[in-house]
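Colleague: A predicted structure for the sequence below; I have some questions about it.
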2 protein chains.
Amino acid sequence: MPDRTKFVLDEKDMPTSWYNIIPDLPGELAPPLHPATDEPLGPEALAPLFAMELIKQEMSPERFIEIPEEVQAVYKTYRPSPLNRALQLERDLGLPPGVKIFYKYEGVSPAGSHKPNTAIPQAFYNKQEGIKRIATETGAGQWGSAMSIACALYDMECAVYMVGISYDQKPYRRILMESYGAEVISSPSTRTNAGKHVLEMDPNSLGSLGIAISEAVEDAATRDDTHYCLGSVLNHVCLHQTIIGEEAILQMEMADAEPDVVVACVGGGSNFAGISFPYYKRRADGKSSARLLAVEPKACPTLTAGEYRYDLGDEAGLTPKMMMYTLGHDFVPAGIHAGGLRYHGDSPLVSLLAKEGAIEAVAVHQNACFDAAVQFARAEGILPAPESSHAIRAAIDEALAAREAGEDRTILFGLSGHGHFDLAAYEAYNTGKLEDYDFAAGSMCEGA
Amino acid sequence: MPDRTKFVLDEKDMPTSWYNIIPDLPGELAPPLHPATDEPLGPEALAPLFAMELIKQEMSPERFIEIPEEVQAVYKTYRPSPLNRALQLERDLGLPPGVKIFYKYEGVSPAGSHKPNTAIPQAFYNKQEGIKRIATETGAGQWGSAMSIACALYDMECAVYMVGISYDQKPYRRILMESYGAEVISSPSTRTNAGKHVLEMDPNSLGSLGIAISEAVEDAATRDDTHYCLGSVLNHVCLHQTIIGEEAILQMEMADAEPDVVVACVGGGSNFAGISFPYYKRRADGKSSARLLAVEPKACPTLTAGEYRYDLGDEAGLTPKMMMYTLGHDFVPAGIHAGGLRYHGDSPLVSLLAKEGAIEAVAVHQNACFDAAVQFARAEGILPAPESSHAIRAAIDEALAAREAGEDRTILFGLSGHGHFDLAAYEAYNTGKLEDYDFAAGSMCEGA
């Protein structure tokens, strides 16, 4: 029998707390500012939109926050998620025995990605506070799917404002959401003043994530029974995702292995936070010296080419200003297939860690990511989401660099989702039609 | 904390043998016959198409067959699969405490279904015997996906003859197979004499599973480096699927529960065999008295309305005649969305068990299955494949019947796959456009 390759966590050993990085941060976390007045925003400003418990978590000084039993129970729909050693990939890469690759796989969730890890507690806390309906936005549909599922599981209503062009061109995610009982609205819509305003200016508007956010926020702000939920960027979202890394620590112990580097893709930042923050904690506790590596697309390289400053969270200027790495809130990234990585900014928590040198970041080309994705699929069996392929690319590059340097290296990467909804992207890659945009060069390119 | 809902098997406790039902059968298993001569087929007749080890398994008298270590290792890509208690579904159905529903979920595999359980060992045994390339057929693409993945994992070539109409209308499964490196050929093709013959008669042929089988068999028969693989019906396919039930037995023991009824959908029969045969063994060993319930569509009710007799495995008459329940090899089932259940016959093993009264069968309506599928998705979070929804329908009906009768009942059903590739079917259901065909009534209908 070859080495062990799968590390299965028993239900009874599942983590019961999320790790809150705020008390361990290496610097001061700058508060969000009102978009119009630039005044720091207090909890009361967020109360019309968010559950109080989530607002508390947004600024909590507690290092650990208990996962409510009702959330633990629903997590078991798909958690604990598997952690595997990529033994066949290691062989295909010709790695020496001292260079090992492990991956934590979140594609087993019913949405096919890590997003339900926060959608579930967000729905729960809102329900607990008497809210009956959630309004949110979605681009290609990953976050909307997760929120739809979470609302179904807690028997709540869900309204998803979906970017119009995706609503028309990507019906499958819409159907998925509707099958879970969500109402999916093509944005811009006539349901909100924000939507009507856009349609007056341009009746043929294709929509954008910024417009959809505006509509969802307005929907939630104007109805007593409704709150708003967001799928990334915010502190409480990063908090909920730490279930990934907390599980991974236990599974890596089962594997008798300690990562030298933890790798994950970064868009808004919650997936990266999910697997890496618990290792940051482990470092703070003197139990790890793992490097934490965030991987972003060359077409939208916020951490590697952005500025660290206050910027708006959305194009329209409805959301608070946050201190973060940003390419500018009016930056429109090229249409790369990793839709979840096309955000102009980054989570303030991830941004602060990058600013303080506590994490590293690297930008990679889309074509190089698909090379890695297909190599991984044929070795390990799982076809990854385009977002996740960024982590695979960087993990392979880490392994090859260790081999070149003659060093031992244990690499753990986050495989945030499967690619079953992204087959059009694979078709483009398989037929040699995949292009890429290089932000630094300011032009389209063939990829690395 | 509510009752435990998830039962996680450790890697080290995974079953290391498949259960072979042949020595425990309640009657004589009739041999396959040559389609032209009606002579019983010996192993030598199968040798040009199948690996010798698979031919041996087809008629093995051994009760347990060890899973090769190399197969166990690759199974760990996605196995052990989860077994969950459907606690929220139980609540939604208003079941008393004595009526419990458990499900074993195979949708975590990289193909999204149970099919890799046999694709992996089939690829392995062929590779072990020096075969470099597999030819097979696929309808909508489930089996072709599984075989493509298995071939990628063992570094073999794979040629998939895909029914032409699906090749054109369902590109996503094709792209998935191609991403794993398979060559996907629209059938009928000019690659084989069988295909050419069909195209001469009808240049616009949409193809059929029978034609695709003929092409794949001819491809394998005419190339020394190539064998043929089949995804259901045959004894060795049912054998490999027993990993499902062998795991389930261990997980139900963890749950301190023993099923009174084991439910699974049946098309060719391998999914049903996979979860139910190990419980048949457990019955033979005096450890269980579980009823075994096969669920089929009203549109293609082989076990409940077919005849038990020798019939051809395919429309074209190229495959052996098998003793089985059949609606006739020229029966063309209505275009229900559960494509995996549209087979005119049934596995000879499953058929014999039905004939001898060792298992039960029930036929259900497509619309009633989608009702159950959506109810399940909103309670348990997982959107099932249309095939799997048949098992859910019957499991719910079993639960409601137990409640009515005031009886305790523990129900275990097989959830064979997720519905992420079947969203067009959900769209039809969600918009009230789903029709059904009733074989007994001989007409289209609205469903139950």
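Modeller: Happy to help now that I have it. Numbering: from 1, shown residues only, chains lettered A, B, ... in the order given.
Colleague: Now do A:Pro2, the pLDDT please.
Modeller: At A:Pro2, the model reports a pLDDT of 49.
Colleague: So A:Leu341 sits against A:Pro297, correct?
Modeller: Yes. The pair A:Leu341 and A:Pro297 qualifies as a contact (Cβ atoms under 8 Å) at a distance of 5.1 Å. C-beta here means a position set from N, CA and C on the backbone, and glycine is covered the same way.
Colleague: of those two, who's got more company?
Modeller: The residue with more neighbours, out of A:Leu341 and A:Pro297, is A:Pro297; 29 against 25, by other Cβ atoms under 10 Å in any protein chain shown.
Colleague: got any residues that touch both of A:Leu341 and A:Pro297?
Modeller: Contact criterion Cβ atoms under 8 Å, 6 or more residues apart in numbering or on different chains; residues shared by A:Leu341 and A:Pro297: A:His390.
Colleague: what's the span of stretch A:187-204 from first residue to last?
Modeller: Using Cα to Cα, to the nearest Å, the end-to-end distance of stretch A:187-204 comes to 11 Å.
Colleague: buried stuff in it?
Modeller: Residues of stretch A:187-204 classed as buried by neighbour count (16 or more other Cβ atoms under 10 Å in any protein chain shown): A:Ser187, A:Pro188, A:Ser189, A:Arg191, A:Thr192, A:Ala194, A:Gly195, A:Val198.
Colleague: which one among these gets closest to B:Leu176?
Modeller: Nearest to B:Leu176 among these: A:Ser187, at 29.9 Å, using Cβ to Cβ.
Colleague: Identify all contacting residues around the helix or strand bottoming out on mean pLDDT in chain A.
Modeller: Least confident helix or strand, chain A: strand A:443-445 with a mean of 77, by mean pLDDT, DSSP states H and E. Outside strand A:443-445, the residues that touch it by Cβ under 8 Å, 6+ apart are A:Ala334, A:His365, A:Glu435, A:Asp436, A:Tyr437, A:Asp438.
Colleague: what's the distance between that strand and the middle of its chain?
Modeller: Strand A:443-445 sits 26 Å away from the centroid of its parent chain (Cα atoms, centre = their mean, to the nearest Å).
Colleague: Pairing partners for it, with directions?
Modeller: In the sheet, strand A:443-445 lines up against strand A:436-438 (antiparallel) (DSSP bridges).
Colleague: which residues are contacting the strand it pairs with?
Modeller: Counting by Cβ under 8 Å, 6+ apart, A:298-299, A:333-334, A:336, A:365-367, A:443-447 sit against strand A:436-438.
Colleague: Give the other helices and strands that the host helix or strand of A:Val71 contacts.
Modeller: Per DSSP states H and E, A:Val71 falls inside helix A:69-75. The contact analysis (3 or more Cβ pairs under 8 Å, 6 or more residues apart in numbering or on different chains; DSSP states H and E) places helix A:69-75 against helix A:116-128.
Colleague: list the helices and strands the helix it packs on packs on?
Modeller: helix A:52-58, helix A:69-75, strand A:133-138, helix A:142-153, helix A:235-254.
Colleague: Nearest to A:Glu398, out of these?
Modeller: A:Glu398 sits nearest to helix A:235-254 of all these, at 16.0 Å, using Cβ to Cβ.
Colleague: tilt between the next helix or strand after that closest one and helix A:235-254?
Modeller: The C-terminal neighbour of helix A:235-254 among helices and strands, as given by DSSP H and E, is strand A:261-265. Angle of strand A:261-265 versus helix A:235-254, following axes from the mean of the first three to the mean of the last three Cα atoms, to 10 degrees, is 140 degrees.
Colleague: Identify the farthest-apart pair in the contacts of strand A:436-438.
Modeller: For the contacts of strand A:436-438, the farthest-apart pair by Cβ to Cβ is A:Pro333 and A:Glu446; their separation is 18.1 Å.
Colleague: got the contact list for the residue lying closest to A:Ser288 once chain neighbours are set aside?
Modeller: Closest residue to A:Ser288 apart from its sequence neighbours, by Cβ to Cβ, 6 or more residues apart in numbering or on different chains: A:Arg282 at 3.9 Å. Shown in contact with A:Arg282 (Cβ under 8 Å, 6+ apart): A:Ile249, A:Ser288, A:Ala290.
Colleague: any chance of those residues in TSV, with pLDDT and neighbour count too?
Modeller: Listed next are the contacts of A:Arg282 as TSV, based on pLDDT from 0 to 100; neighbours: other Cβ atoms under 10 Å in any protein chain shown:
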residue	pLDDT	neighbour count
A:Ile249	98	21
A:Ser288	97	20
A:Ala290	98	20
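Colleague: gap between A:Pro68 and A:Ile120?
Modeller: For A:Pro68, the distance to A:Ile120 equals 10 Å [Cβ to Cβ, to the nearest Å].
Colleague: Give me the residues contacting the helix holding A:Val71.
Modeller: With Cβ under 8 Å, 6+ apart as the criterion, helix A:69-75 contacts A:14, A:16, A:67, A:117, A:120-121, A:124, A:150, A:153-154, A:243, B:1-2, B:5, B:87, B:381.
Colleague: From the residues you listed, list just the buried residues.
Modeller: Members of those classed as buried by 16+ other Cβ under 10 Å are A:14, A:67, A:117, A:120-121, A:124, A:150, A:153-154, A:243, B:5, B:87, B:381.
Colleague: possible to save those residues as TSV with distance to B:Glu360 and pLDDT?
Modeller: Converted to TSV, the buried ones among the contacts of helix A:69-75 look like this (distance: Cβ to Cβ, whole Å; pLDDT from 0 to 100):
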residue	distance to B:Glu360	pLDDT
A:Met14	37	94
A:Ile67	42	98
A:Asn117	41	98
A:Ile120	38	98
A:Pro121	42	98
A:Phe124	40	98
A:Ala150	37	97
A:Leu153	32	95
A:Tyr154	36	94
A:Ile243	42	98
B:Thr5	28	84
B:Leu87	26	94
B:Gly381	29	95
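Colleague: Reformat those residues as CSV; add distance to A:Gly139.
Modeller: Output for the buried ones among the contacts of helix A:69-75, formatted as CSV (distance: Cβ to Cβ, whole Å):
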residue, distance to A:Gly139
A:Met14, 31
A:Ile67, 28
A:Asn117, 19
A:Ile120, 20
A:Pro121, 22
A:Phe124, 24
A:Ala150, 18
A:Leu153, 23
A:Tyr154, 24
A:Ile243, 24
B:Thr5, 32
B:Leu87, 33
B:Gly381, 22
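Colleague: Could you single out the nearest of these to A:Leu234?
Modeller: So of those, ranked by how close each gets to A:Leu234 (Cβ to Cβ), first place is A:Pro121, at 12.5 Å.
Colleague: so what's the closest one up against?
Modeller: With contacts defined as Cβ under 8 Å, 6+ apart, A:Pro121 is in contact with A:Ile67, A:Pro68, A:Val71, A:His240.
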